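Asks: my questions are about this predicted structure, shown below with the sequence.
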Amino acid sequence: MDEMEITFLGTGTSVGVPSIGCHCEVCESTDPKDKRLRSSILIKTKEQSLLIDCGPDLRQQCLREGIESVDAVLITHPHADHIMGLDDLRRFTPKAEDTLPIYARPSCIEALSQCFFYIFNGENRYPGYFKPDALPIEGAFNLSELKVIPIPVEHGKVECIGFAFYQNDAPLLGYIPDCKIIYEEGMNALKDVECLIIDGLRHTPHPTHISISEAVEISQELGAKKTWLTHISHDVMHERDEPNLPNNVRIAYDGLKLTL
């Protein structure tokens with residue numbers, strides 16, 4: 001089985017950490033693991049580089065990690081913290097004929113086309129502009145050696161998905177950064193997943209995100225071999241809170257790299 005490298009470009013909630021105007025213990029922490037840009041990951045295999053979500057910190061994240069090429073972008077949902085770096089993808093379509101595949105649910109593509117009308121109206125096909133190839137996600141699809149299964153989840157009022165990545169007919173990676181409920185079909189697709197990256201917003205309940213204790217419960221129900229929490233708020237301090245988690249559940253941080 002080929003290796004997969006996962007880079008956490010960001011692990012923060014929608015406002016990032018530190019949050020503007022906040023002087024709490026976490027926002028004033030000097031620990032680099034408590035500095036969180038908006039949530040996104042990069043998946044690299046021998047054949048391809050896949051970007052999952054493109055939030056407002058994308059340029060900074062690409063510069064930090066030295067990302068110079070991307071083969072496709074997968075988007076979970078059209079909230080600002082997951083799409084507002086879309087125009088920065090222009091660096092990956094430098095020539096007039098270059099395009100970049102963008103995989104998202106049809107409702108998400110429609111939202112993107114409204115928010116970024118000048119990108120999706122087909123009139124700006126110039127060198128240096130971003131030129132997407134919008135590909136609606138209707139079900140499972142293949143990206144080279146990976147099978148990608150969309151995982152529908154409940155996340156407030158917006159249609160939202162996560163992703164399960166299969167290699168050799170086995171669930172290698174699950175990425176669910178925003179959710180309150182994972183529906184039964186998604187739980188079945190993620191059963192016994194090798195690595196689960198999941199929403200772990202804070203310690204207390206939230207109306208549209210799962211708490212850390214809920215994430216641990218889901219991890220145990222799935223039988224995930226390793227779980228990493230992401231989309232983390234300023235209620236969570238890495239050094240203080242990680243020792244209280246089960247050994248196979250850890251708190252992700254910006255710049256963390258995993259090899260599967």
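Replies: That came in fine, so what should we check first? Numbers count the residues shown, from 1 in each chain.
Asks: what separation do you get for Asn188 and His77?
Replies: Separation of Asn188 from His77 (C-beta to C-beta, to the nearest Å): 21 Å. Where C-beta positions appear, they are placed from N, C-alpha and C, glycine not excepted.
Asks: which of these two has more residues huddled nearby?
Replies: Neighbour comparison, Asn188 and His77: the larger count goes to His77, with 24 against 13 (by other C-beta atoms under 10 Å).
Asks: assess the claim that the more buried one and Lys157 are in contact.
Replies: No. In this structure His77 lies outside contact range of Lys157 using C-beta atoms under 8 Å: 10.6 Å.
Asks: let me see the contact set for the residue nearest to Leu89 when sequence neighbours are not counted.
Replies: Closest residue in space to Leu89, ignoring its immediate chain neighbours: Phe130 at 5.0 Å, by C-beta to C-beta, 6 or more residues apart in numbering. Neighbouring residues of Phe130 by C-beta atoms under 8 Å, 6 or more residues apart in numbering: 86-87, 89-90, 92-93, 100, 119.
Asks: neighbour-wise, which of the residues you listed leads?
Replies: Leu86 (24 neighbours).
Asks: any idea how far the nearest residue to Gly255 once chain neighbours are set aside is from Leu258?
Replies: The shortest distance from Gly255 to any non-neighbouring residue, by C-beta to C-beta, 6+ apart, is to Phe8 (6.6 Å). Separation of Phe8 from Leu258 (C-beta to C-beta): 8 Å.
Asks: one step back: the residue nearest to Leu89 in helix, strand or coil?
Replies: coil (DSSP: H, G, I helix; E, B strand; the rest coil).
Asks: again, but for Ile198
Replies: Taking three-state DSSP as the rule, one finds Ile198 in the strand state.
Asks: that one against Ile210, yeah?
Replies: Yes. With contact defined as C-beta under 8 Å, Ile198 reaches Ile210; the gap is 7.4 Å.
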